[in-house]
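# I'll drop the sequence and a predicted model, then ask my questions.
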Amino acid sequence: MPAIQYSPGVRHDLEEILLTETQIQRRLDELGKEMERDYAGRDLTMIAVLTGSVLFAADLLRRLPLQVRLDCLGISSYHGQTRSSGEVTVTKSLHLDVRDREVLVVDDILDTGLTLVRIREMLGKLGPRSLKFAVFLEKEVPHHENFRADYVAFRIPNKFVVGYGLDYLERYRNLPYVGTLKPSVYESHGSAL
């Protein structure tokens with residue numbers, strides 16, 4: 001399959017590419033093998049946190065030769081901003097029962113940690129056998145309640161990033177790599193980092 005060519009405007013909006021498509025796919029191969037070892041012989045319930053983790057969750061699913069049930073949980077803490085608002089809102093509830101199940105929550109990014117702490121509290125009340133967290137990106141910043149993910153694909157500096165599921169104003173999610181936007185992009189929308 002030939003590589004997709006993105007419009008010049010999309011690539012022109014980026015200041016730098018932090019993670020290439022090749023780097024991402026290689027790291028996910030490693031992460032998938034680690035998860036396969038950890039969950040060998042067990043049924044797994046994966047919960048993808050919408051919407052940013054969709055690409056990450058889909059790529060992980062394809063790498064796990066296990067019995068995996070998939071559900072999605074809608075949580076919002078950005079509310080259209082480039083930084084977490086500190087207010088966490090549930091926008092979609094779970095459909096699957098997680099009681100006595102091995103549960104892996106998959107999210108796009110760990111920055112303040114507030115969202116994942118809230119999810120841990122919510123799911124912990126539902127009685128899973130185990131509850132672990134996988135994040136595509138972890139920002140090098142202090143996390144709420146010192147939250148730590150069990151699986152981290154990449155650690156990045158404290159920069160606002162887009163691509164591979166991460167967005168700015170619901171754009172750039174479809175990029176196969178991760179990058180930062182030029183300041184002119186934020187200025188044209190009346191916001192700043």
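Yep, it's here. Numbers count the residues shown, from 1 in each chain.

# wait, Leu104 sits on Met46?
Yes: Leu104 is within contact range of Met46, at 5.1 Å (criterion: CB atoms under 8 Å). Any C-beta I mention is one placed from the backbone N, CA and C, and that applies to glycine too.

# Secondary structure element holding the nearest residue in space to Leu126 that is not next to it in sequence?
Leaving aside its chain neighbours, Leu126 sits nearest to Val98 (5.0 Å; criterion: CB to CB, 6 or more residues apart in numbering). Val98 belongs to no helix or strand when assigned by DSSP states H and E.

# Same check on Ile47?
strand 44-50.

# Go through the host helix or strand of Ser184 and flag the buried ones.
Per DSSP H and E, Ser184 falls inside helix 183-188. By neighbour count on 16 or more other CB atoms under 10 Å, the buried set for helix 183-188 is 185-186.

# coming back round to it: how many other residues sit next to the residue nearest to Leu126?
18 (other CB atoms under 10 Å).

# Next: Leu66.
16.

# now do the one 4 residues further on
As a burial measure, Leu70 scores 14 neighbours (other CB under 10 Å).

# which residues does it contact?
Residues near Leu70 by CB atoms under 8 Å, 6 or more residues apart in numbering: 45-48, 57, 61.

# ok, then the element right after the lowest-mean-pLDDT helix or strand in the chain?
For the chain, using mean pLDDT, DSSP states H and E, the weakest element among its helices and strands is helix 8-12, scoring a mean of 70. In the C-terminal direction, the helix or strand that comes right after helix 8-12 (DSSP H and E) is strand 14-19.

# Report the angle between the next helix or strand after that following strand and strand 44-50.
Sequence order places helix 21-38 as the next helix or strand after strand 14-19, per DSSP H and E. Orientation check (axes from the mean of the first three to the mean of the last three CA atoms, to 10 degrees): helix 21-38 against strand 44-50 gives 150 degrees.

# For this protein, which segments are assigned as strands?
Taking DSSP state E, the strands of the chain run over residues 14-19, 44-50, 68-76, 89-92, 102-110, 130-139, 151-156, 161-162, 178-181.

# For Glu34, find the nearest of the ones you listed.
Proximity to Glu34 (CB to CB) singles out strand 151-156 among the strands of the chain, at 6.9 Å.

# chain center to the closest one, what's the gap?
10 Å (CA atoms, centre = their mean, to the nearest Å).

# pLDDT averaged over it - what is it?
Here strand 151-156 scores 98 as its mean pLDDT.

# again with stretch 60-76
pLDDT averaged over stretch 60-76 gives 94.

# what do you get for stretch 171-188?
Mean per-residue pLDDT for stretch 171-188: 90.

# Show the end-to-end separation of that stretch, please.
This stretch, stretch 171-188, spans 14 Å end to end (CA to CA, to the nearest Å).

# Show me the contact partners of that stretch.
By CB under 8 Å, 6+ apart, stretch 171-188 touches 4, 6, 10, 13-21, 24, 51-52, 54-55, 82, 137, 154, 156, 159-168, 192-193.
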